[in-house]
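K.L.:
Structure for this input, please:
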Amino acid sequence: MEKEPVVYMLASRRAGTLYVGVTSNLAGRLYQHRTGLIAGFTSRYGVHRLVWYELHDDMTAAIRREKQIKKWNRDWKLNLIEEANPDWSDLALALGLVDPTACANGSPPSRG
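P.N.:
Residues are numbered from 1 along each chain as shown. Predicted coordinates:
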């Protein structure tokens, strides 16, 4: 599988709790978040909706951007989301990623 460095934000609901992360495998990471495979912030607070993401050429740039966004105040993060996704839609579905909570066999999602 080809690596795709991406910075992403998850939300519990519109203007709800936010999480900023970085990964090279968005589909796999969303699966981990949504199924609670890794205990932590997103499972504790129900932060599972992909509301924003940004692709990068390399992981170094993606990590730098993630750290930058994590330092931002909440209003800046909300503005970034609303500029690209004013309805706060779950972008995972628009990307063709299967909702892992609907997978009967428990296997990770794939691109459609």
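K.L.:
Just the element for E4, please.
P.N.:
For E4, there is no helix or strand it lies in under DSSP states H and E.
K.L.:
In the chain, what residue spans correspond to strands?
P.N.:
Here the chain has its strands, by DSSP state E, at 6-11, 18-23, 49-55.
K.L.:
what packs against the last one?
P.N.:
I take that to be strand 49-55. strand 6-11, helix 26-35, helix 74-84, helix 91-94 (3 or more CB pairs under 8 Å, 6 or more residues apart in numbering; DSSP states H and E). Bear in mind the C-beta positions are built from the backbone N, C-alpha and C, glycine included.
K.L.:
Quick one: distance of that strand to the chain centre.
P.N.:
5 Å (CA atoms, centre = their mean, to the nearest Å).
K.L.:
So in the protein, which helix runs the longest?
P.N.:
helix 59-71 (DSSP state H).
K.L.:
Take that one, keep the C-alpha atoms, and write them as PDB.
P.N.:
Provided in PDB are the C-alpha atoms of helix 59-71 (Å, rounded to 0.1, in the frame of the first residue of the first chain):
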ATOM      1  CA  MET A  59       5.700  12.800   6.500                       C
ATOM      2  CA  THR A  60       8.100  15.500   7.800                       C
ATOM      3  CA  ALA A  61       5.900  18.200   6.300                       C
ATOM      4  CA  ALA A  62       2.700  16.500   7.600                       C
ATOM      5  CA  ILE A  63       4.100  16.300  11.100                       C
ATOM      6  CA  ARG A  64       5.200  19.900  11.000                       C
ATOM      7  CA  ARG A  65       1.700  21.000   9.900                       C
ATOM      8  CA  GLU A  66       0.000  18.800  12.600                       C
ATOM      9  CA  LYS A  67       2.200  20.500  15.300                       C
ATOM     10  CA  GLN A  68       1.300  23.900  13.900                       C
ATOM     11  CA  ILE A  69      -2.500  23.200  13.900                       C
ATOM     12  CA  LYS A  70      -2.300  21.700  17.400                       C
ATOM     13  CA  LYS A  71      -1.000  25.000  18.700                       C
END
